[in-house]
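Asker: mind looking at a prediction? Sequence and model below.
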Amino acid sequence: MASKGFFNAFDDIWMLDGMRTPMVDYCGALGHISPTDLGIKAARAALERAGVPAADINSVLAGNMAPGDFEQFMLPRHIGLYAGVPQDVPALMTQRICGTGFELFRQAGEQIQSGCADVALVVGTESMTRNPIAAFTHRTGFKLGAPVEFKDFMWEALNDSAPGINMIQTAENLAKKYGITREEVDAFASDSFAKAVAAQQAGFHAGEIVPVVSEKFELEGYATRGIKLQGKTTEVANDTHARISPADVLAKLRSVYPGGVQTGGNSAALVDAAAAAVVASGAYARAKGKKPLARVVAAAVVGVPPEIMGIGPAPAIKLLLERAGLTLDAIGRFEINEAQGAQTLSVGRELGLDLSKLNVNGGAIALGHPLACTGVRLTLTLAREMQRSGVRYGVSSACIGGGQGIALLLENPEGV
């Protein structure tokens, strides 16, 4: 019996190219920038890198989880307009929590395959710094002696009220289920940092990064938007969280929960960033003489128990490969979001994954996990790595809070 979940197979749909901003630590140099403006920056860079005129775009798909300002309702529309996309082209906000960036590719594939569009601009953007301090109970005023219920949106959003646990606890549940030790998690995290630093030093990550500078985004007849870097900073060009982190140093960090395996050092880093890509039909790519980064072959989305939400990539990847007619050993590279170290190791054990193929340029523990941006970043990194290493197939995937998993299958037709 086939696994349950969504599966889409795409016939001749391609990622032409993409770009992203640097991923910068929480409360760092990008902390004062609206996610809309980060998205505009990434979108403009992706269009330029792909050599696609904004006038050719006929669908804008954008994702953003937490509001970074009071303009979030308009975020997809403003990204499209200020990136130069014609006014008559519609824009859509997509939300599948940590799977949002992958979902953008899935929806782009559906739109192009159904004939609604030839070329789609997909943009994931997130300011973790600008997650608000929010209250939802004071519309009718403050009563005498009643608690003032302002809370940290990001911290509270990590809690799943259905099972009554937060995302770190879901990873602890998986560690117990799969017999994963603190030492193994710290070793995995140390390796993620080492791979990210090596890739950074080799210039790999720079190949997908557009430096962020103070600039204006003009749109004739409308308000001027833009980016204003703080203080004396004139340019941000590199990811900031990656650093050599020996396992014995990570071992000194206190676990989030007594006796647990997860710490601040072996969980995904909090960063601000945006990433964008151009997805098109094969007919468009051929007509314009484009050499795409990768073919978007298929997508799969599944549900899993909320209390072990981090296992989501395993059944999603199983469904993806089962329906695509491929075996695990046919996949040359995997990019699986490192929400927590124990979570990623659990996925590896459930699949029987060769970890030498996983996150070979570092993962979210070292680079960061800017929620809606992550899926676009991972898929762009995967496509570039597939070309660099000459492999034919690759999979990008993530777990999703609430109990889901999502996975994309890419093909490099020139790979082996």
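Answerer: Thanks, I have the structure now.
Asker: so the closest residue to Gly39 other than its chain neighbours, which state does it fall into?
Answerer: Distances taken as Cβ to Cβ, 6 or more residues apart in numbering place Thr125 nearest to Gly39, at 3.6 Å, with adjacent residues excluded. Where C-beta positions appear, they are placed from N, C-alpha and C, glycine not excepted. Under DSSP: H, G, I helix; E, B strand; the rest coil, Thr125 falls in the strand class.
Asker: again, but for Ala342
Answerer: helix.
Asker: tell me the contacts of it?
Answerer: By Cβ atoms under 8 Å, 6 or more residues apart in numbering, the residues touching Ala342 are 171-172, 174-175, 178, 180, 185, 261-262, 266, 310.
Asker: those residues in helices, which ones?
Answerer: Within the contacts of Ala342, residues falling in helices by DSSP state H are 171-172, 174-175, 178, 185.
Asker: quick one: those residues as CSV, columns for pLDDT, neighbour count and distance to Lys4 too.
Answerer: Shown next, in CSV, are the ones in helices among the contacts of Ala342 (pLDDT from 0 to 100; neighbours: other Cβ atoms under 10 Å; distance: Cβ to Cβ, whole Å):
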residue, pLDDT, neighbour count, distance to Lys4
Ala171, 98, 31, 24
Glu172, 98, 23, 26
Leu174, 98, 26, 21
Ala175, 98, 24, 26
Tyr178, 98, 18, 22
Val185, 98, 30, 30
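Asker: before we move on, the earlier item: taking the contacts of Ala342, tell me the two that lie furthest apart.
Answerer: Using Cβ to Cβ, the two most remote members of the contacts of Ala342 are Tyr178 and Asn266, lying 15.2 Å apart.
Asker: and the contacts of Ala342 as a markdown table, adding distance to Phe136?
Answerer: As requested, the contacts of Ala342 are arranged in a markdown table below (distance: Cβ to Cβ, whole Å):
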| residue | distance to Phe136 |
| --- | --- |
| Ala171 | 27 |
| Glu172 | 28 |
| Leu174 | 31 |
| Ala175 | 33 |
| Tyr178 | 37 |
| Ile180 | 37 |
| Val185 | 35 |
| Val261 | 33 |
| Gln262 | 28 |
| Asn266 | 33 |
| Gly310 | 27 |
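Asker: in a strand, Ala407, correct?
Answerer: Yes. Applying three-state DSSP, one finds Ala407 inside a strand.
Asker: for it, give the beta-bridge partners.
Answerer: Ala300, Ser397 (DSSP bridges).
Asker: who are the contact partners of it?
Answerer: 102, 299-301, 313, 316-317, 319-320, 395-397.
Asker: just to revisit the earlier point, just the contacts of Ala342 now: which is nearest Arg96?
Answerer: Proximity of the contacts of Ala342 to Arg96 (Cβ to Cβ) peaks at Gly310, which lies at 15.4 Å.
Asker: what score does the closest one have for pLDDT?
Answerer: pLDDT for Gly310: 98.
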